[in-house]
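Student: give me the fold of what follows.
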Amino acid sequence: SFNLSSNQFTSIGGLIKSKSSYETLEILDLSHNTVQQDASDILSIIPPNLKVLLLSNNMIIGNLPDPFPILKNLEHFFIEDNKLVGQLPDRLHLSLPVLKDLNLANQTLSGTIPADLFAMPQLKYLNLSNNQLHGSMPTVLGDSKLFSLDLSNNDLIDVIPSTLSGIQDLVLLIGNPQL
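Tutor: As a prediction, the model looks like this:
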């Protein structure tokens, strides 16, 4: 575990790679700093065996890389409250096969929600609230383990798919006036 939260770091490249346990590091907490790097640059240096990545409440900029780096062990990815822009990458389920929690809230992400986001076999919590996502709601696959879904305060339209009815904690309607 490597907890560097609540400091004033503006860059993280040297901090991560210099750690002697880089290859075996499982938890990395860089939340609540002032990191001002591009998301693609940060994600290109993430330790390969990481299980928890906390990048919340920084000033991380740019797009999420597409293709997304393969992080086969990552279970929890929190990068909310940054300055990300652009579209969500396709095929995240291939890059993050065991992901359980994904929080991309409070950015300026745009475009549609990729349907394959709901093909992530272990995903339980998904928060895409307070972005500029638009278009129709994707259909959740029948074998989805999704327990909590927050898509509030976007520009989603159309009807709510009936496949979402099985999600216990569902926040959709707030701030999506055309749903």
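Student: Three-state assignment for the residue lying closest to S144 once chain neighbours are set aside, please.
Tutor: Closest residue to S144 apart from its sequence neighbours, by CB to CB, 6 or more residues apart in numbering: F118 at 5.8 Å. Using the backbone N, CA and C atoms, a C-beta is placed for each residue, glycine as well. What DSSP: H, G, I helix; E, B strand; the rest coil gives for F118 is helix.
Student: just use 569 as the starting number from now, easier for me
Tutor: Done: numbering now begins at 569, and the last item shifts to F686.
Student: ok, F686 to L738 distance?
Tutor: According to CB to CB, to the nearest Å, F686 stands 13 Å off from L738.
Student: now the residue lying farthest from the centre of the chain: how far from L623?
Tutor: In the chain, the residue that sits farthest from the middle, by CA atoms, centre = their mean, is S588; the gap is 27.0 Å. Counting by CB to CB, the gap between S588 and L623 amounts to 22 Å.
Student: swap in T602?
Tutor: T602 is 12 Å from L623, where distance means CB to CB.
Student: what does D658 give?
Tutor: 21 Å.
Student: which of the two has more neighbours?
Tutor: L623 (27 against 15; other CB atoms under 10 Å).
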